[in-house]
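# Test case, fold it:
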Amino acid sequence: MHSRVWQRLVRQIKMPEHQWAVWIFGTLAGVLIPILLVLGGWLIQLLLAGQVSMPQGKSVSNLPEQLSVGRFFTLNSSWLNAGGSILRGVLGIVVLLVIVIALECIALLTSYRAALHTSLEITVELQRKLFGKSGALAMEQGLSGQQDAMQEMLFVHVPTIRESMSQWFRVLPRHIIQAILLLLLAASIHLWITLLALICTVFVWVLFSSLESTRRKRRPVLFERARAASEQLSYLCNTAPLLAFVHDQEDTKLSYEAHLNSYRTAQLQLADGGTWKSPVMLSTSAALCAFLMIVVSIRFLDESSSLHFGEILVLCSSITLAVASVQRFHRAYRRYKTAEPAAERIASYLEQATPDVSQENRIVPTKISQSIVLDHVTIKNSSGQKLLEDISTSIRPGQLTAVVASQSVQASAFAELIFGFGRPASGRILVDGVDSTDLDPSAIRNLSLWATARGPLVHGTVEDNLWSVGSPDATVDLMSIAKRMHVSDAILNLPDGLATLVTPDEDRLLPDALFRIGLARALVKKRSLIVAQEPSVRVKSTTESETLNSILQLKSESTLLVVLTQRLSTLRAADQIIVIHEHKVAGIGNHAQLLEQSEIYRHLNYMQFSPFLESKQ
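Residues are numbered from 1 along each chain as shown. Reported below is the predicted structural model:
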């Protein structure tokens, strides 16, 4: 991969150690094909060397002294140890053919698997690098700010690179070596026929490229003709009776037939079988093939020629397989070039400078006791598009602040902004009156906690999850806290209670129970700032009420509590609701105030909580 773009990408990752298998077994597979053809030529020469008769079970024949395919590939018959018998010689050649075919199959299978594994390892390494880089850039660009770019890279660019590399490693070096050796083999049999075949192949390729270029230029025109004709047909169908008031109905029919013919012609031209199946390509290819067959036949029937039938078959097979190898390489190269924009995008992302997050001269707060204030804050995503614009609000201890947004990414961006992820393009964030740029980002995270409908849980026991990071405190009664958070019964129903091993994908606990474990963790760790993303699943009113009571327990602890709410009961209990619409704050107030003052809030409430819409769904 000598392209600058690919070199930039490769510099960012560690190439797989078993890449050598692609080259070794690919080379072996490319070398064995010409050997197979040579053995096949010797076998045919041996079969046609003399008449084999089998009287009374004994063979009588004349074994040629030397087998040859071209000038350089000769075999002394004595090496076959056939004892003058063509049958024994044939068996010897067949045994060699079987061995070489088996080796070719092994080499092909191994090289294909190595190509697949190499491309997969490269893409896995790319994903690992993207994961690390997104974390490193989180303080600068935020998480939601990178979301669109990350999704595009992970779900579009990385698979494109994997498919391109897999195809590339399948053809390189196998088909390059195979094409070169096959052409050398053909040239050793008859140089001028080989050159003539190559000239014909180049001519066909140039003709194909010209026709394909013309076809690609014409297709948009044909699409437009078909679309325009279809629109006219629809228009005439809908207005034909009305047009009778303007001109004769027969004229309308003639116009309809004209557009119908135009539509038919355009669709027929669009539905052609491709350039290879065009009459020009088929007739030209057939004429050149016939010409080559005539030339080969004349040369074969020439009494002065030393070519035998086996060499003719090897010559034709070598040229055909060489052309096929070149075509496979060209197809892989085009795929490789097509994937360059994906490689460019990922390489550019990985090459971004990681922002300096050194703690030198930074303030390290031990608690957030007063407020977090957003003062005309604007943040942008990695493409420069605004996620939040001119956001001004404050969050204070002992308040339940709910966030409602018309797009979930905007609510997530708001939460990340509070956590210190993403540097504002304008405006400032004040934590207890101190600009966030003067604070140590890791200290802010140590004072904060994130709770979701998945907990989130980590591998370990329930007790480990409640303590999270840090040493357990023997003075803290975990079950008492779990009872306050209405999750003690769910924990006790587990096989080993607090000692039960759980995983991030835990399915023995309902989303509300997992969410409450996350809230209980916040109470255990006594964090100053808690951002909770409410479960979106609909539950019984008693379950919803218990979850709301758990949230209010945190509010009573004088923490800064922000909830990305999914439930009407939480909105009704919130002290302030921040409504975000089209990147801006569309309203701030409690539930009753916003229902009266904000049309956007009323609409969002109706769309999310209307019983009529729920019954429709």
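# Quick one: mean pLDDT for the helix or strand harbouring Arg521?
Using DSSP states H and E, Arg521 sits in helix 511-525. Helix 511-525 shows a mean pLDDT of 89.
# Tell me where the model's unsure across this structure.
For the chain, applying pLDDT under 70 flags the ranges 1-2, 50-62, 82-84, 242-248, 273, 356-361, 469-470, 611-617.
# what's the nearest residue to Leu36 if we skip its chain neighbours?
Val100 (5.5 Å; Cβ to Cβ, 6 or more residues apart in numbering). C-beta: built from backbone N, CA, C; applies to glycine.
# Might you report the residue contacts of that neighbour?
Remark: with contacts taken as Cβ atoms under 8 Å, 6 or more residues apart in numbering, Val100 is in contact with 32, 35-36, 39.
# Quick check: it is in a helix.
Yes: counting by DSSP: H, G, I helix; E, B strand; the rest coil, Val100 is found in a helix.
# quick one: Ser255 and Leu236 touch, right?
Yes: at 6.5 Å, Ser255 counts as touching Leu236 under the criterion of Cβ atoms under 8 Å.
# one step back: next one: the residue nearest to Leu36 relative to Arg362, how far apart?
Look at Val100 and Arg362: by Cβ to Cβ, to the nearest Å, they are 70 Å apart.
# Strands along the stretch 351-500 of the chain, start to end?
Remark: strands assigned in the stretch 351-500 of the chain by DSSP state E, counting those that start in this stretch are 372-380, 386-395, 400-405, 426-431, 434-435, 448-451, 460-461.
# List the buried residues in stretch 170-181.
170-179, 181 (16 or more other Cβ atoms under 10 Å).
# ok, then the element right after the longest helix that the chain contains?
In the chain, assigned by DSSP state H, the helix with the most residues is helix 191-243. Sequence-wise, the next helix or strand beyond helix 191-243 is helix 249-270, with elements assigned using DSSP H and E.
# Would you indicate which residues of that following helix are buried?
Using 16+ other Cβ under 10 Å as the test for burial, helix 249-270 gives 252, 255-256, 259, 262-263, 266.
# how's the protein carved up into domains?
Taking automatic domain parsing as the reference, the chain has its domains at 4-188+335-350, 191-306, 448-526.
# that older thread, which strands and helices sit next to the longest helix of the chain?
With contacts taken as 3 or more Cβ pairs under 8 Å, 6 or more residues apart in numbering; DSSP states H and E, helix 191-243 sits against helix 174-189, helix 249-270, helix 279-301, helix 309-338.
# now the shortest one against helix 309-338, angle please.
With axes from the mean of the first three to the mean of the last three Cα atoms, to 10 degrees applied, the angle from helix 174-189 to helix 309-338 works out at 150 degrees.
# Other residues contacting helix 174-189?
Under Cβ under 8 Å, 6+ apart, the answer for helix 174-189 is 26-27, 29-31, 33-34, 37-38, 69-73, 111, 193-195, 197-198, 307, 311, 314-315, 318-319, 321-322, 325-326, 328-329.
# Show the contacting residues for the residue most central in space within the chain.
When Cα atoms, centre = their mean is applied to the chain, the residue found nearest the centroid is Pro159 (2.8 Å). Counting by Cβ under 8 Å, 6+ apart, Pro159 touches Thr123.
# how far away is the residue lying closest to Arg508 once chain neighbours are set aside from Lys483?
Leaving aside its sequence neighbours, Arg508 sits nearest to Leu494 (Cβ to Cβ, 6+ apart; 6.6 Å). In this view, Leu494 and Lys483 are 15 Å apart by Cβ to Cβ.
# Give me the more crowded residue out of the two.
Neighbours were counted for Leu494 and for Lys483 using other Cβ atoms under 10 Å; Leu494 has more, 18 against 15.
# give the contact list for the more buried one.
For Leu494, the contact set (Cβ under 8 Å, 6+ apart) comprises 462, 500, 508-509.
# From what I see, Leu523 and Leu554 are in contact.
Yes: using Cβ under 8 Å, Leu523 is in contact with Leu554, at 6.5 Å.
# coming back round to it: and the angle from the helix or strand hosting the residue nearest to the centre of the chain to helix 174-189?
Assessed by DSSP H and E, Pro159 sits inside helix 158-171. Counting by the same axes, to 10 degrees, helix 158-171 lies at 30 degrees to helix 174-189.
# Which of the residues in helix 158-171 are classified as buried?
158, 160-162, 164-171.
# Mind putting those into JSON lines with distance to Val539?
Formatted as JSON lines, the buried residues of helix 158-171 follow (distance: Cβ to Cβ, whole Å):
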{"residue": "Val158", "distance to Val539": "37"}
{"residue": "Thr160", "distance to Val539": "42"}
{"residue": "Ile161", "distance to Val539": "43"}
{"residue": "Arg162", "distance to Val539": "41"}
{"residue": "Ser164", "distance to Val539": "47"}
{"residue": "Met165", "distance to Val539": "47"}
{"residue": "Ser166", "distance to Val539": "46"}
{"residue": "Gln167", "distance to Val539": "49"}
{"residue": "Trp168", "distance to Val539": "52"}
{"residue": "Phe169", "distance to Val539": "51"}
{"residue": "Arg170", "distance to Val539": "52"}
{"residue": "Val171", "distance to Val539": "56"}
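# Just name the closest of those to Arg227, please.
Nearest to Arg227 among the buried residues of helix 158-171 is Thr160, at 29.4 Å by Cβ to Cβ.
# Can you tell me which helices and strands the helix or strand following the helix holding Arg521 packs against?
The helix or strand immediately downstream of helix 511-525 is strand 529-533, counting by DSSP H and E. Here strand 529-533 touches helix 408-419, strand 448-451, helix 511-525, strand 560-564, going by 3+ Cβ pairs under 8 Å, 6+ apart.
# Try it again at 10 Å.
Here strand 529-533 touches strand 400-405, helix 408-419, strand 448-451, helix 511-525, helix 541-555, strand 560-564, going by 3 or more Cβ pairs under 10 Å, 6 or more residues apart in numbering; DSSP states H and E.
# now it and helix 408-419, what's the angle there?
170 degrees.
# Render the CA-only coordinates of strand 529-533 in PDB, please.
Extracted C-alpha coordinates of strand 529-533, given in PDB (Å, rounded to 0.1, in the frame of the first residue of the first chain):
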ATOM      1  CA  LEU A 529     -23.200  16.300  40.800                       C
ATOM      2  CA  ILE A 530     -25.400  13.500  39.500                       C
ATOM      3  CA  VAL A 531     -26.800  13.300  36.000                       C
ATOM      4  CA  ALA A 532     -29.300  10.500  35.500                       C
ATOM      5  CA  GLN A 533     -30.800   9.200  32.300                       C
END
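# So what's the gap between it and the chain middle?
32 Å (Cα atoms, centre = their mean, to the nearest Å).
# Take the strands of the stretch 351-500 of the chain and write them to TSV, including distance to Ala342 and mean neighbour count.
Formatted as TSV, the strands of the stretch 351-500 of the chain follow (distance: least, Cβ to Cβ, whole Å; neighbours: other Cβ atoms under 10 Å):
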stretch	distance to Ala342	mean neighbour count
strand 372-380	23	20
strand 386-395	25	19
strand 400-405	31	23
strand 426-431	33	17
strand 434-435	39	12
strand 448-451	32	22
strand 460-461	38	15
